[in-house]
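J.: Okay, sequence plus prediction incoming.
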Amino acid sequence: MENIKKINPFWGFIAAILGWTLFKHFDSTSFKFADPYFDIVYFIVFVVAIFFIIKDFKQQSGK
């Protein structure tokens, strides 16, 4: 039972919300974001959340 790999729900929730927000703010006809300054912050936090998810996943698989 110790070999079960779990994703931290906090970072998963943050990544899902920010990913969906970035998707909704992107205009595919003009290839622009609705609010570029907020979307830059959203993208940075999204990348950090994905980084922590991968980091935690690798640490758990290495045990």
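T.: Right, received. Where do you want to start? Residues are numbered from 1 along each chain as shown.

J.: Tell me where the model's unsure across the chain.
T.: Along the chain, the parts satisfying pLDDT under 70 run over 1-5, 60-63.

J.: which residues does the most centrally placed residue in the chain contact?
T.: The centroid of the chain falls nearest to A15 when counting by Cα atoms, centre = their mean (2.8 Å). By Cβ atoms under 8 Å, 6 or more residues apart in numbering, the residues touching A15 are F46, A49, I50, I53. Every residue, glycine included, has its C-beta placed from N, CA and C.

J.: Keep only those of those that are in helices.
T.: Among the contacts of A15, the members found in helices (DSSP state H) are F46, A49, I50, I53.

J.: What remains of the residues you listed if I keep only buried residues?
T.: F46, A49, I50, I53 (16 or more other Cβ atoms under 10 Å).

J.: Quick one: neighbours of the residue nearest to the first one when sequence neighbours are not counted, just the number.
T.: In space, and not counting its chain neighbours, F46 is closest to L18: 4.1 Å by Cβ to Cβ, 6 or more residues apart in numbering. The number of residues packed near L18 is 21, by other Cβ atoms under 10 Å.

J.: after the helix or strand hosting L18, next one along is what?
T.: Per DSSP states H and E, L18 falls inside helix 9-25. Downstream of helix 9-25, the first helix or strand assigned by DSSP H and E is strand 26-27.

J.: Which strands or helices does that next one pack on?
T.: strand 32-33 (3 or more Cβ pairs under 8 Å, 6 or more residues apart in numbering; DSSP states H and E).

J.: What lies in contact with the strand it packs on?
T.: Outside strand 32-33, the residues within contact range by Cβ under 8 Å, 6+ apart are L22, H25, F26, D27, D39.

J.: Save those residues as TSV, and put in neighbour count and distance to W11 too.
T.: Formatted as TSV, those follow (neighbours: other Cβ atoms under 10 Å; distance: Cβ to Cβ, whole Å):
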residue	neighbour count	distance to W11
L22	14	16
H25	15	21
F26	13	22
D27	10	28
D39	18	20
